[in-house]
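Undergrad: Provided below are the primary sequence and the corresponding predicted coordinates.
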Amino acid sequence: MLIVVGTRKRPDGNLKAMFLLLDLWKKGIRDCFFDANLSEKQFEKVSQRIAKSYNLSEPLELHDADEPEEVIRVPKDTLIIEADNAIHVDKGVSIIDHAEASGGKAIDSAPSARAIHEIYIPKTGKWYLWARVFFEYSKDSYWIGMDNAAAKPWDRDGGPGAIKIWSEPDDNSKWGRWLWDTASTDTMDKKPSNKPAFFHIKRTGYYRLWSKGREAGSRLDQILLTRARDFNTQAETEGKPLPLRYSPHLYEPASIHECRKLIRHAVQIATAVNTEIPWEFKYWIQDIWGDVTRFPETEGSLYKCPKCAADLPQQVVDLIIQHAQSDDIQFYILCRKCGGEFD
């Protein structure tokens with residue numbers, strides 16, 4: 001289940017807000033809450049309360065409760081990868097001790113030596129890249145890459161899917177300290193940009209993320225991937241490792257098209273299983289989201305594989321429809337491909 005939140009600004013600057021609890025695995029639409037007049041501050045409080053009521057709140061991760069640290073708010077759908085936790089390292093990759101690295105350890109890679117991680121990416125789209133690096137004087141570049149993903153900006157010398165993290169020529173401001181760095185996506189004549197590099201993910205699932213040494217002496221501590229383009233990891237952490245103590249945002253931005261598609265899917269399910277649609281939804285949906293009959297319809301099966309969103313066989317869909325209104329029965333049915341992972 002997920003919550004979709006839509007707002008419209010009133011002429012007085014306040015907000016109208018609709019909160020929809022969607023159940024894409026059984027009933028379609030579970031609940032709807034609408035408020036016609038909220039200040040932005042009140043909207044934040046209501047959002048937190050609704051998230052908490054549906055167990056969306058996640059506890060802060062603490063290293064030591066007796067030593068409170070600064071809380072870093074990272075966007076939802078953010079992956080933090082420890083460089084020294086690779087599933088495979090080539091000859092030439094060394095795990096080094098460093099007091100300022102996460103967990104006290106980082107890696108130093110000889111030119112072209114790789115450290116490989118296996119990661120699971122739960123959503124398609126752009127995943128923006130930041131790397132926590134230590135550049136020792138002019139040894140100031142590293143490659144980060146991902147198999148089967150489109151890298152931007154792609155660095156040909158690094159190989160397919162490679163992004164080069166590096167200092168601008170004659171820029172020594174990054175030397176001799178740990179910092180979070182990224183590559184620019186729209187440089188002209190090697191001028192810097194504020195838009196971080198990203199990998200374009202076209203399918204959910206497992207990927208091989210790798211780091212490759214370009215200059216020995218450039219050290220790598222952590223890699224961060226996030227769907228939030230505007231999350232400046234260096235500015236938020238002041239160069240420190242993650243997690244210090246962090247809490248994910250409870251909500252994430254989504255496009256109007258994506259939300260309308262989710263809402264239409266929920267309506268299709270609710271219609272198929274005879275779920276009673278809340279009157280608030282019927283009354284206010286046009287005002288917030290527009291004509292639901294014009295929203296994009298769900299293609300393929302009514303219910304999808306919860307891991308990869310692939311279609312499920314019709315007999316599975318019929319079984320879920322048959323028991324959708326029973327609170328005593330819960331389903332978790334995978335497609336054949338994902339189910340094979342449990343053999």
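TA: The structure has been received and is ready for your questions.
Undergrad: can you map out the helices along the chain?
TA: Along the chain, counting by DSSP state H, helices occupy 40-53, 233-237, 256-273, 279-288, 314-323, 336-339.
Undergrad: for the fifth one, buried residues please.
TA: Of the residues in helix 314-323, those buried under the neighbour-count criterion (16 or more other Cβ atoms under 10 Å) are Val316, Val317, Leu319, Ile320, Ile321. No exception for glycine: its C-beta is placed from N, CA and C like everyone else's.
Undergrad: check which helices and strands it sits against.
TA: With contacts defined as 3 or more Cβ pairs under 8 Å, 6 or more residues apart in numbering; DSSP states H and E, helix 314-323 has no helix or strand neighbours.
Undergrad: so for it, mean pLDDT?
TA: Helix 314-323 shows a mean pLDDT of 95.
Undergrad: that one versus helix 256-273: what angle between them?
TA: 70 degrees (axes from the mean of the first three to the mean of the last three Cα atoms, to 10 degrees).
Undergrad: can you show me the CA trace of helix 314-323 as CSV?
TA: What follows is helix 314-323, C-alpha atoms only, in CSV (Å, rounded to 0.1, in the frame of the first residue of the first chain):
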residue,chain,number,x,y,z
GLN,A,314,-4.9,-14.6,-15.0
GLN,A,315,-5.6,-17.5,-12.6
VAL,A,316,-3.6,-15.6,-10.0
VAL,A,317,-5.5,-12.4,-10.6
ASP,A,318,-8.8,-14.3,-10.3
LEU,A,319,-7.7,-15.8,-7.0
ILE,A,320,-6.9,-12.4,-5.5
ILE,A,321,-10.1,-10.9,-6.8
GLN,A,322,-12.1,-13.8,-5.2
HIS,A,323,-10.6,-13.1,-1.7
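Undergrad: any idea how far it is from the chain center?
TA: Here helix 314-323 is found 31 Å from its chain centre; the criterion is Cα atoms, centre = their mean, to the nearest Å.
Undergrad: which other residues reach that helix?
TA: Trp25, Lys26, Ala272, Val273, Ser301, Leu302, Tyr303, Ile329, Phe331, Ile333 (Cβ atoms under 8 Å, 6 or more residues apart in numbering).
Undergrad: of those, grab the buried ones for ChimeraX.
TA: With 16+ other Cβ under 10 Å as the criterion, this ChimeraX line picks the buried residues out of the contacts of helix 314-323:
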select :25,26,273,301,302,303,333
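Undergrad: show me which of the contacts of helix 314-323 is closest to Glu136.
TA: Nearest to Glu136 among those: Trp25, at 51.1 Å, using Cβ to Cβ.
Undergrad: quick check: the closest one vs Phe331, distance?
TA: Applying Cβ to Cβ, to the nearest Å, the value for Trp25 to Phe331 is 6 Å.
Undergrad: so which residues of the stretch 51-200 of the chain form strands?
TA: Taking DSSP state E, counting those that start in this stretch as the test, the strands found in the stretch 51-200 of the chain are 72-74, 78-82, 88-89, 93-97, 105-109, 114-121, 125-134, 141-146, 150-152, 162-166, 178-181, 198-201.
Undergrad: return the member of these having the minimum mean pLDDT.
TA: strand 72-74 (a mean of 76).
Undergrad: so for the residue nearest the centre of the chain, what's the nearest residue that isn't a sequence neighbour?
TA: The residue lying closest to the centre of the chain (Cα atoms, centre = their mean) is Asp77, at 2.4 Å. Spatial nearest neighbour of Asp77, chain neighbours left out: Arg227 (4.7 Å); criterion: Cβ to Cβ, 6 or more residues apart in numbering.
Undergrad: against Arg49, how distant is that neighbour?
TA: In terms of Cβ to Cβ, Arg227 sits 25 Å off from Arg49.
Undergrad: neighbour-wise, which of those two wins?
TA: Arg227 (23 against 10; other Cβ atoms under 10 Å).
Undergrad: ramachandran angles for that one?
TA: Main-chain torsions, Arg227, degrees, to the nearest 10: phi -80, psi -10.
Undergrad: separation between Gly205 and Pro75?
TA: 21 Å.
Undergrad: what do you get for Ser39?
TA: For Ser39, the distance to Pro75 - Cβ to Cβ - is 24 Å.
Undergrad: thinking again about what came up before, distance to Phe198 added to the helices of the chain, as a markdown table?
TA: Listed next are those as a markdown table, based on distance: least, Cβ to Cβ, whole Å:
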| stretch | distance to Phe198 |
| --- | --- |
| helix 40-53 | 27 |
| helix 233-237 | 13 |
| helix 256-273 | 18 |
| helix 279-288 | 30 |
| helix 314-323 | 35 |
| helix 336-339 | 26 |
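Undergrad: if anything else comes up later, I'll come back, but that's it for now.
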